[in-house]
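S.K.: below is the sequence, then the predicted model.
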Amino acid sequence: MSKELSEIRRYELKYTITEEQAFQIREYIQNICTLDKHVPPGATGYVVNNLYFDTPDLKFYHDTKFRKLTRYKPRARFYGEKATDFIWPEIKYRNASVIWKTRYKLPIERWHEVFSAQPTERKEPLFKKQLDCFDDVIYWYQAQPVIHVRYFREPYVTELEEYGRVTFDRQLCCRPTRGSIELDYHEQDMRYYDDPISTQNFDSLVLLEIKVETLVPAWAIELIRRFNLTQRAFSKYCYGIDSILSYLDSERISIFD
């Protein structure tokens, strides 16, 4: 299957804030940022869905959980309440504080083709760290879908940098996929995990992310200083897995069952 890979390299800074802080920060950045052009007319944001893949021993989860210096995870992303047009298979790499994302755009009707390649069609790499495509990672690691994570994103972009984004994520929820690549789901299967206990936060959170292509620019440093923001590690994937594992353990069910 031919594909055109795109790559984004960036720094990501994450913070958990309250709705009151989110309101204040939104007001502050009005002269710095504008609402992302991909937001539908009349809306404040859009729904993001990530289907995360992992190995039977949850290698990608553990690498992230224990902050392995160099790590990556494969996922497939679609936008909106349901998958209706396109899906973006991607790999998110991390080396220390630098993030890379490689992905390509695929019509929904071709989603199943990603998993139909025969072994003879793929050349095994000398080292698995050389894998640079979603398809190869899931093939050589025998990765399966383990969790579907969904949230609502309020995104802003700035023209002060070639690449600069400020996003507010809310309504984090997830469901176990048990190895299925099917994208349809029932709303009653979604479990919300943006509560104080799950996220170790005093308030139900808003996840603020500042994303830039170079070292943190002056406007972002001033934003962080003005609102006394404290950076923290926050993986939507890991918190989702923790939530699902806690529930499944109580039911004595495996995440792959």
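M.R.: Arrived safely, thanks for sending. Numbers count the residues shown, from 1 in each chain.

S.K.: return the distance of the closest residue in space to Gln21 that isn't next to it in sequence relative to Val216.
M.R.: Distance criterion Cβ to Cβ, 6 or more residues apart in numbering; nearest residue to Gln21, sequence neighbours excluded, is Phe227 at 6.4 Å. Any C-beta I mention is one placed from the backbone N, CA and C, and that applies to glycine too. As judged by Cβ to Cβ, to the nearest Å, Phe227 and Val216 stand 14 Å apart.

S.K.: same question, Arg232
M.R.: In this view, Arg232 and Val216 are 16 Å apart by Cβ to Cβ.

S.K.: now Ile241
M.R.: Distance, Ile241 to Val216, by Cβ to Cβ: 29 Å.

S.K.: and what of Phe86?
M.R.: From Phe86 to Val216 the distance is 32 Å (Cβ to Cβ).

S.K.: ditto for Asp63
M.R.: Distance of Asp63 to Val216, given as Cβ to Cβ: 25 Å.

S.K.: check Tyr61 too.
M.R.: For Tyr61, the distance to Val216 equals 28 Å [Cβ to Cβ].

S.K.: then Glu27?
M.R.: From Glu27 over to Val216 the distance is 21 Å, taken as Cβ to Cβ.

S.K.: likewise for Tyr46?
M.R.: Going from Tyr46 to Val216 by Cβ to Cβ gives 26 Å.

S.K.: contact partners for the nearest residue to Arg103 once chain neighbours are set aside?
M.R.: Excluding its sequence neighbours, the residue lying closest to Arg103 (Cβ to Cβ, 6+ apart) is Glu90, at 3.1 Å. Taking Cβ atoms under 8 Å, 6 or more residues apart in numbering, we find Glu90 in contact with Pro74, Arg75, Ala76, Arg77, Lys101, Thr102, Arg103, Tyr104, Phe134.

S.K.: so can I have CSV of those showing distance to Tyr192, neighbour count and pLDDT?
M.R.: As requested, the contacts of Glu90 are exported to CSV (distance: Cβ to Cβ, whole Å; neighbours: other Cβ atoms under 10 Å; pLDDT from 0 to 100):
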residue, distance to Tyr192, neighbour count, pLDDT
Pro74, 25, 23, 95
Arg75, 20, 24, 96
Ala76, 22, 24, 97
Arg77, 20, 19, 96
Lys101, 26, 18, 87
Thr102, 30, 19, 88
Arg103, 27, 21, 89
Tyr104, 31, 17, 91
Phe134, 27, 24, 90
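
S.K.: which of the residues you listed fall within strands?
M.R.: By the criterion of DSSP state E, membership of those in strands covers Pro74, Arg75, Ala76, Arg77, Lys101, Thr102, Arg103.

S.K.: which strand or helix spans Thr230?
M.R.: Assigned by DSSP states H and E, Thr230 belongs to neither a helix nor a strand.

S.K.: likewise Tyr52?
M.R.: Here Tyr52 is assigned to strand 46-54, by DSSP H and E.

S.K.: that strand pairs with which strands?
M.R.: Partner strands for strand 46-54, per DSSP bridges, with pairing direction: strand 70-79 (antiparallel), strand 144-158 (antiparallel).

S.K.: got the contact list for that strand?
M.R.: 38-40, 60-61, 73-81, 83, 137-138, 143-153, 155, 169, 177, 181, 183, 236-237, 240.

S.K.: can I have the buried ones of those residues as a PyMOL selection?
M.R.: A single PyMOL command selects the buried members of the contacts of strand 46-54 (16 or more other Cβ atoms under 10 Å):
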select buried, resi 60+61+73+74+75+76+77+78+79+83+137+138+143+144+145+146+147+148+149+150+151+152+153+155+169+177+183+236+237+240
